[in-house]
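Trainee: below is the structure, and that's it, no one-letter string:
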């Protein structure tokens, strides 16, 4: 966590509906700690952090193609600590948020990110989920384009300015309850 800085996160949401896609060779699965691909995940250096996320109730979305991981993300459905904004987000019942999305470098530019977001929406609908949230830094145009391609609707922004001994948040997003 930085002592100085500013962040502006843009929040998006879409309703969860079953998704039928006839194309695509990436296989997506939601994992818990017991079936997470610990041995093959490309970011093994974060295993300790990943275990803490699982202990906190998070799940992982992994996309594989020809047996290789091409996409990785995290899903929270109760509470999420957003370090950039220094607050805990308590999600309404039926809502989930996807965060820390990564398309592996060799797989970028093929539409995997928006595909993963759409497919997760469908997977959550099958579990009874109502809405899927996502947020991204305002200065991350690639992520924002992928979110919009996946038919998420913009719901507002929250900014933070951090100085030693002082933090100021501004902006509101309906449905985002910070504490």
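Mentor: Yep, it's here. Just so it is clear, the structure is predicted and the values come from calculations on it, not from any experiment. Numbering: from 1, shown residues only.
Trainee: show me the contacts for the nearest residue to residue 136 once chain neighbours are set aside.
Mentor: With C-beta to C-beta, 6 or more residues apart in numbering as the measure, residue 143 is the residue that lies nearest to residue 136, at 4.1 Å, once sequence neighbours are left out. Heads up, the C-betas are built off the backbone N, CA and C, glycines and all. For residue 143, the contact set (C-beta atoms under 8 Å, 6 or more residues apart in numbering) comprises 101, 113, 136-137.
Trainee: out of those, which sit inside strands?
Mentor: Using DSSP state E to define strands, the subset of the contacts of residue 143 located there is 101, 136-137.
Trainee: got a ChimeraX select line for the buried ones in those residues?
Mentor: Buried members of these, identified by 16 or more other C-beta atoms under 10 Å, are gathered into one ChimeraX selection as follows:
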select :101,136
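Trainee: out of the ones in strands among the contacts of residue 143, the closest to residue 12 would be?
Mentor: In terms of C-beta to C-beta, no member of the ones in strands among the contacts of residue 143 lies closer to residue 12 than residue 136, at 7.9 Å.
Trainee: just put the ones in strands among the contacts of residue 143 in TSV and tack on distance to residue 172.
Mentor: Shown next, in TSV, are the ones in strands among the contacts of residue 143 (distance: C-beta to C-beta, whole Å):
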residue	distance to residue 172
101	24
136	17
137	18
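Trainee: residue 126: which of the ones in strands among the contacts of residue 143 is nearest?
Mentor: Minimum distance to residue 126 across the ones in strands among the contacts of residue 143 is 20.3 Å, recorded for residue 101 (C-beta to C-beta).
Trainee: which residues touch the closest one?
Mentor: The contact partners of residue 101, by C-beta under 8 Å, 6+ apart, come to 71-73, 113, 116-117, 134, 143.
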